[in-house]
Structure formats: C-alpha cells, structure tokens
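**Student:** dropping a prediction and its sequence here:
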Amino acid sequence: MKTDVYSENARSHIFLQSLLKVIQTAMFGITLCEIVLHTNNLGGATLLHASNDFLLMFTDAIFEGKTATGEYTTSDTEAGKLVIIVYLIMIAVNLYPTIRSIIKIWKEYSECYGPFAD
C-alpha cells in the first residue's frame, strides 16, 4: 500500500511552483533566443542563463538560510510560498523582454522561403 507523503496543500504548492517554472523558463528562453540571434554569440546568453539558474535554484539558501539543494521546487509550504513569489517576480521581470523579443524575432526572421516566397 502506497502512502502519500505530501499533504494536499504541499502538492498544490509543488504543482504551482512547477507550472510557474515552466512559464518562466519559456519566457526566458525566448529572450535568450533573441539575444543569440541578435549577437550571433552564445556568451551573453550563457552568462544570463547561469545567473538566472543560480538565483532560482538557491532561493531557499539565500533567503531561508537552508542548505542549497539545487531543486526548482520544494515541498515545504512556507519555503514554497517564497519560491512562488520569486517565480512571479521573475515572470514579471521577463514579461517586457519576452514580448519585445517575440516582436523582434517575428519582424526579422519571419521571411517566407521556398515555394511560397513572394
């Protein structure tokens, strides 16, 4: 018989953290894609990606004084609330660059090639 180790509240926090992480990652990935396309260099995007991962993976260690686990979610509901807040902040911070990147990529790289080209 399998026992459930997480409470309903902890499961909902883990799900929300995971969902916000996916959204934040997609938004950040679009911005990094535009940076690489614009600069034709991986260096700046790599540095931004590393600093972003450091901030998000070690949130517990930075704010809670806990040992860094390198995980993107936590089952601790109090720390989970902090992780959710950090993800929401990161989504808000990434919102403008993501929209700008989508518009820029669409304008510069939406040329039609092949038999359907004008």
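**Tutor:** Nice, thanks for sending it over.
**Student:** Glu108: what secondary structure?
**Tutor:** Secondary structure state of Glu108, per DSSP: H, G, I helix; E, B strand; the rest coil, is helix.
**Student:** assign the nearest residue to Leu42 once chain neighbours are set aside to helix, strand or coil.
**Tutor:** Nearest residue to Leu42, sequence neighbours excluded (C-beta to C-beta, 6 or more residues apart in numbering): Val36, at 6.0 Å. C-beta: built from backbone N, CA, C; applies to glycine. Under three-state DSSP, Val36 falls in the helix class.
**Student:** lowest-confidence helix or strand of the protein?
**Tutor:** helix 59 (a mean of 64; mean pLDDT, DSSP states H and E).
**Student:** mean confidence (pLDDT) on whichever strand or helix holds Ile91, please.
**Tutor:** Using DSSP states H and E, Ile91 falls within helix 77-109. Mean pLDDT, helix 77-109: 87.
**Student:** which strands or helices does it pack on?
**Tutor:** Here helix 77-109 touches helix 8-39, helix 43-57, helix 59, going by 3 or more C-beta pairs under 8 Å, 6 or more residues apart in numbering; DSSP states H and E.
**Student:** flag every buried residue along the longest one.
**Tutor:** Think helix 8-39. 10, 13-14, 16-17, 20-21, 24-25, 27-28, 30-32, 34-35 (16 or more other C-beta atoms under 10 Å).
**Student:** okay, the angle between it and helix 77-109?
**Tutor:** Using axes from the mean of the first three to the mean of the last three C-alpha atoms, to 10 degrees, the inter-axis angle of helix 8-39 relative to helix 77-109 is 30 degrees.
**Student:** any idea how far helix 8-39 is from the chain center?
**Tutor:** The chain centroid and the centroid of helix 8-39 are separated by 3 Å under C-alpha atoms, centre = their mean, to the nearest Å.
**Student:** which elements pack onto that helix?
**Tutor:** Using 3+ C-beta pairs under 8 Å, 6+ apart, helix 8-39 is in contact with helix 43-57, helix 77-109.
**Student:** that helix vs helix 43-57, what angle?
**Tutor:** 170 degrees.
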